[in-house]
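Visitor: Generate coordinates for the sequence data below:
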Amino acid sequence: MAELRAGVLGHPIAHSRSPALHAAAYGALGLDIDYRAHDVTPEQLAGFVAGMGDTGASGHDWLGLSVTMPLKEPMVALMDGVSPRVERLGVLNTVVRGADGTLTGHNTDVDGIVRALAAAGLDRAAAGGRMAILGGGGTAAAAIAAAGQLGLAGVDLFVRDPGRAAGQAALAQDWGLDAAVRLLAEFPTSAPGYRAVVATLPPRAADPTAAALAAAGPSTTPGLPPLLDAAYDPWPSALASAWSAHGGQVVSGLEMLLYQAVEQVRLFTARVRTGTAEPDWPAVTGVMAAAIGLPPRRSAPTPRS
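Guide: Below you'll find the model as predicted:
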């Protein structure tokens with residue numbers, strides 16, 4: 001029988017927590033799947049994908065790939081097919097390899113954002129309101145889709161260069177959301193007006209924003225909404241610390257990483273779980289959370305169908 005494989009691709013990749021997450025999940029599921037990190041540049045990507053090869057020739061049966069920066073966009077062109085979500089977003093973070101070798105692109109970052117915001121206290125039953133998104137890259141695109149899935153009315157994209165966020169504003173409008181592009185420097189005084197905030201900036205890039213927020217008196221920032229800071233190394237980030245100091249609820253990117261990985265595991269293992277009972281996903285989620293040092297899950301969500 002061919003060895004089952006999966007892995008995470010990116011550059012750099014040594015910091016990735018995905019191997020720990022996936023190893024814990026496959027152990028809980030009783031599956032022997034070799035999941036490793038692979039440092040791959042955009043220039044090397046096509047060669048790596050081609051090298052996954054035919055199961056019979058290689059002796060390895062690749063189930064799928066987790067995809068991180070800077071490969072989320074270039075990987076799309078190498079797919080045999082993509083999910084409707086990826087077709088709209090133009091970025092993926094998950095590749096599922098079928099038994100026939102076909103590759104399908106998915107984006108589970110959206111699931112990770114939705115569930116992480118719920119962990120931060122966002123009321124998913126409510127509708128309307130706006131999401132503030134700090135940054136304009138691939139994770140910002142996933143945040144836009146999450147805003148649509150959560151039933152929000154609009155998004156404000158806070159960036160340093162408004163001209164570079166036009167594509168994301170158009171994406172939000174395509175999702176049926178009202179969209180505005182604003183300067184990042186305006187965010188600290190605007191923060192209380194949102195239902196949720198997602199910071200997609202690289203580690204430490206939000207430090208000046210955090211300093212401006214920290215300098216404001218607590219009376220000027222009442223009722224801060226839930227914040228997901230996608231950066232998680234170092235943690236707490238300066239932004240997370242300033243937010244907490246003003247009474248806001250914060251979750252780190254590790255929560256997002258956890259929940260997007262749960263959905264990846266479900267997708268990767270679907271064809272090798274055929275004929276078996278559906279796993280206890282809340283229990284699997286709890287094992288995965290423990291593997292990266294997150295507190296026990298009180299009630300882990302079941303992956304969407």
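
Visitor: can you pull out the strands in the chain?
Guide: Assigned by DSSP state E, the strands in the chain fall at 3-10, 33-39, 60-67, 81-82, 94-97, 103-106, 130-134, 154-159, 178-183, 196-199, 227-229, 250-252.

Visitor: ok, and the closest non-adjacent residue to residue 238?
Guide: residue 210 (3.8 Å; C-beta to C-beta, 6 or more residues apart in numbering). For every residue, glycine as well, the C-beta is placed using N, CA and C.

Visitor: and the gap between the nearest residue to residue 168 once chain neighbours are set aside and residue 172?
Guide: Spatially, and ignoring its direct neighbours in sequence, residue 168 is nearest to residue 136 (5.0 Å; C-beta to C-beta, 6+ apart). According to C-beta to C-beta, to the nearest Å, residue 136 and residue 172 sit 11 Å apart.

Visitor: So for these two, which residue has more residues nearby?
Guide: A direct count of neighbours by other C-beta atoms under 10 Å for residue 136 and residue 172 places residue 172 higher, at 28 against 24.

Visitor: So the more buried one is in contact with residue 180, correct?
Guide: No - using C-beta atoms under 8 Å, residue 172 makes no contact with residue 180, being 9.0 Å away.

Visitor: on that earlier part again, between residue 136 and residue 172, what contacts are shared?
Guide: Among the neighbours of residue 136, those also in contact with residue 172 (C-beta atoms under 8 Å, 6 or more residues apart in numbering) are residue 157.

Visitor: residues contacting the residue nearest to residue 168?
Guide: Residues counted as contacts of residue 136 (C-beta under 8 Å, 6+ apart) are 157, 159, 164, 165, 168, 200.

Visitor: unless I'm mixing things up, the fifth one is touching residue 139, no?
Guide: Which is residue 168. No - counting by C-beta under 8 Å, residue 168 does not reach residue 139; the two are 10.7 Å apart.

Visitor: and these two? which has more neighbours close in?
Guide: Legend: neighbour count by other C-beta under 10 Å for residue 168 and residue 139, higher for residue 139 (26 against 23).

Visitor: Who are the contact partners of the more buried one?
Guide: 109, 198, 200, 230.

Visitor: how about the nearest residue to the last one, chain neighbours excluded?
Guide: Distances taken as C-beta to C-beta, 6+ apart place residue 253 nearest to residue 230, at 4.1 Å, with adjacent residues excluded.

Visitor: ok, now the second one?
Guide: Nearest residue to residue 198, sequence neighbours excluded (C-beta to C-beta, 6+ apart): residue 143, at 4.2 Å.

Visitor: do the first one as well
Guide: In space, and not counting its chain neighbours, residue 109 is closest to residue 142: 3.8 Å by C-beta to C-beta, 6+ apart.

Visitor: burial measure for the one you found, as a count.
Guide: Other residues lying near residue 142 total 30 when counted by other C-beta under 10 Å.
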